[in-house]
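Asker: okay, sequence plus prediction incoming.
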Amino acid sequence: MSIEKDLAAKAADRSAVFGIVGLGYVGLPLACEVAEAGYRVLGFDVSAKVVEGVNAGRSHIKDIPTARLEPLVKAGKIRVTADMSRLGEADVISICVPTPLSKTKDPDISFVLAVADSVARTIRAGQAVILESTTYPGTTRELLLPRLEANGLKVGRDVFLCFSPERVDPGNAQWHTRNTPKVLGGVTDACRRVVLALYGPVFDQLVPVSSPEAAELVKLLENTFRNLNIALANEMAIVCERLGGVDVWEVIDAAATKPFGFMKFTPGPGLGGHCIPIDPHYLAWKMRALNYKTRLIDVAGEVNSEMPTFWVRKVADRLNDDGKAVRGSRIMVLGVSYKRDIDDVRESPALDIIRLLQAQGASVTYHDPFVPQVRQDGHIMSSVPLNAQALRDSDCLVITTDHSSVDYKMVAREAPRVVDTRNALRRPAAT
């Protein structure tokens, strides 16, 4: 039997062992789906706390309840280790590690490279490697492939290599890992066939494309599309203000009644999360290396990054109505997660707003039911209670996230001055 057919047989009878490297917002949900599909999972993580917690059946990811994880651990379907030398035990290795940006907005793929080097030390015939971490087009072929073939193995014959972008949307109750269509592109046709067989039982729909470069670009296109359209909505908010206070929300809602040719995006405090603020920079970086300037991406990035400053100016305007300066004012920020009803503060514009207000001398507190503490410039801030007295004691309230558990009627009644970046007071259910 050929190696390809052997792996396909292991997919059919679920005897393949999945090694999932990185058990964060992407890796842990994937581990649960893989285990529930009938495979055994060997997870890898550099955090001793994560390893200990998952092996005890405790989830550290909000989208994965402990009640879902614990039975899988008790049944022996999921075990976790920090020992990367055990990668050779897995038939499939899914790499789900972070790919942040450096301070200069260049891709930081050090985590991917570290895992790739670990895989290269243990690689054996009969393994499939799937990179899921978002990255620039060419990463899979240019960086992973030569490492896998360094010891004489041949990708497409002895081992199999694919890129399959994660599409995780934290806090989304409708679309999760299993029912979100899964794009994948193999280095060879055999690579694609093997991963289609292995991932077939895990996902409701697989979307094969012709190459890893195509799959890498799919993820960047998805989030660049959102980045550009959010920038347009944000700039429209600025335009409406300059036109004498036209209601941008009224304009957007009216435009959204058109049944064709328009897709609704809304303004806000800026961009946050693990994808939209970051992914377009991967594409822009790659294109700079090919002597092409991605002008739309660059301009959208400028517009979105300026939004925290725009809203801080609005705070100053509100305080000025009462004859107050930002310096010395007591300002509460409502919500520090980057979107509603989650505990994720990665790239959250609320943190930029807090930082800018503090730099102008304001005394800033925050309330967020999902984020009890947050680190700002080396200091720990803790969420304060949200009640009528706290609102009345504040000179201004800045709403940056519209959590569903917040009583916005009470907020509207008690807060003396409000800067509402989410339109939450008029539409508490807005996202």
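Answerer: Okay, I see it. Given the structure is predicted, the values throughout are model-derived calculations rather than measurements. Numbers count the residues shown, from 1 in each chain.

Asker: need the three-state assignment for the residue nearest to residue 338 when sequence neighbours are not counted.
Answerer: Counting by CB to CB, 6 or more residues apart in numbering, residue 338 lies nearest to residue 272, which is 2.6 Å off, once chain neighbours are set aside. Where you see a C-beta, it was placed from the backbone N, CA and C, and this is true even at glycine. Per DSSP: H, G, I helix; E, B strand; the rest coil, the local secondary structure of residue 272 is coil.

Asker: can you check the one 10 residues further on too?
Answerer: For residue 282, the secondary structure call by three-state DSSP comes out as helix.

Asker: so what's it closest to, chain neighbours aside?
Answerer: Residue 282's closest residue in space is residue 136 (CB to CB, 6+ apart), at 4.3 Å.

Asker: and the pLDDT for the one you found?
Answerer: With respect to pLDDT, residue 136 scores 94.

Asker: what domains does the record give for the chain?
Answerer: 3-210, 224-420 (automatic domain parsing).

Asker: nearest to residue 216, of those?
Answerer: Smallest distance to residue 216 across the domains of the chain (CB to CB): 4.5 Å, for domain 3-210.

Asker: and the end-to-end length of that closest one?
Answerer: 22 Å (CA to CA, to the nearest Å).

Asker: circling back to that earlier point, if I pick the residue nearest to residue 282, what's in contact with it?
Answerer: Counting by CB atoms under 8 Å, 6 or more residues apart in numbering, residue 136 touches 107, 216, 220, 282-283, 285-286.

Asker: 7 Å - rerun?
Answerer: 107, 216, 282-283, 285-286 (CB atoms under 7 Å, 6 or more residues apart in numbering).

Asker: for residue 307, see how far away it is.
Answerer: Computed as CB to CB, to the nearest Å, the residue 136 to residue 307 distance reads 26 Å.

Asker: any chance you could list what contacts stretch 354-367?
Answerer: Against stretch 354-367 from outside (CB under 7 Å, 6+ apart): 308-309, 312, 315, 326-334, 336, 376-377, 381, 383-386.

Asker: no, scratch that, I was asking about stretch 261-274
Answerer: 25, 227, 229-230, 232-234, 236-237, 248, 252, 255-256, 277, 304-305, 307-308, 311, 338-339, 344, 346-350, 352-353, 400, 421-422.

Asker: swap in stretch 56-75?
Answerer: Residues contacting stretch 56-75 (CB under 7 Å, 6+ apart): 25, 28-29, 32, 35, 50, 53-55, 78, 170-171, 342-343.

Asker: again with stretch 410-423
Answerer: Contacts for stretch 410-423 (CB under 7 Å, 6+ apart): 249, 268-269, 311, 314-315, 318-319, 322, 388, 391-392, 394-402, 425, 430.

Asker: which among those residues count as buried?
Answerer: Applying 16 or more other CB atoms under 10 Å to the contacts of stretch 410-423, the neighbour count classes 249, 268-269, 311, 314-315, 318-319, 391, 394-402, 425 as buried.

Asker: mind checking which of those land in strands?
Answerer: 396-399 (DSSP state E).

Asker: go through those and name the one nearest residue 197.
Answerer: Nearest member of those to residue 197, counting by CB to CB, is residue 399, at 48.5 Å.

Asker: correct me if wrong: that closest one contacts residue 424.
Answerer: Yes: in this structure, residue 399 is within contact of residue 424 by CB atoms under 7 Å, at 5.0 Å.

Asker: surely residue 349 is in contact with residue 309?
Answerer: No: using CB under 7 Å, residue 349 is not in contact with residue 309; the gap is 10.2 Å.

Asker: so for the two, which sits in the more crowded spot?
Answerer: residue 349 (23 against 13; other CB atoms under 10 Å).

Asker: model confidence for that one, exactly?
Answerer: 95.

Asker: kindly report the same for residue 121.
Answerer: 97.

Asker: list the buried residues for the helix or strand hosting it?
Answerer: Here residue 121, judged by DSSP states H and E, is contained in helix 110-122. Of the residues in helix 110-122, 111-112, 115-116, 118-120, 122 count as buried by neighbour count, 16+ other CB under 10 Å.

Asker: now stretch 42-50
Answerer: Buried, per 16+ other CB under 10 Å, within stretch 42-50: 42-45, 50.

Asker: straight-line length of it, end to end?
Answerer: Note: stretch 42-50 ends 13 Å apart using CA to CA.

Asker: check the gap between residue 44 and residue 10 for me.
Answerer: The value you get for residue 44 to residue 10, if CB to CB is used, is 20 Å.

Asker: who does residue 207 bridge with?
Answerer: residue 183 (DSSP bridges).

Asker: now do the same contact list for it.
Answerer: By CB under 7 Å, 6+ apart, the residues touching residue 207 are 181-183.

Asker: how about residue 351?
Answerer: Per CB under 7 Å, 6+ apart, neighbours of residue 351: 336, 345, 376.

Asker: strands of the stretch 201-350 of the chain, residue ranges please.
Answerer: 206-209, 330-334 (DSSP state E, counting those that start in this stretch).

Asker: partner strands of the last one and their direction?
Answerer: Read that as strand 330-334. Strand 330-334 pairs in its sheet with strand 363-367 (parallel), strand 396-399 (parallel), by DSSP bridges.
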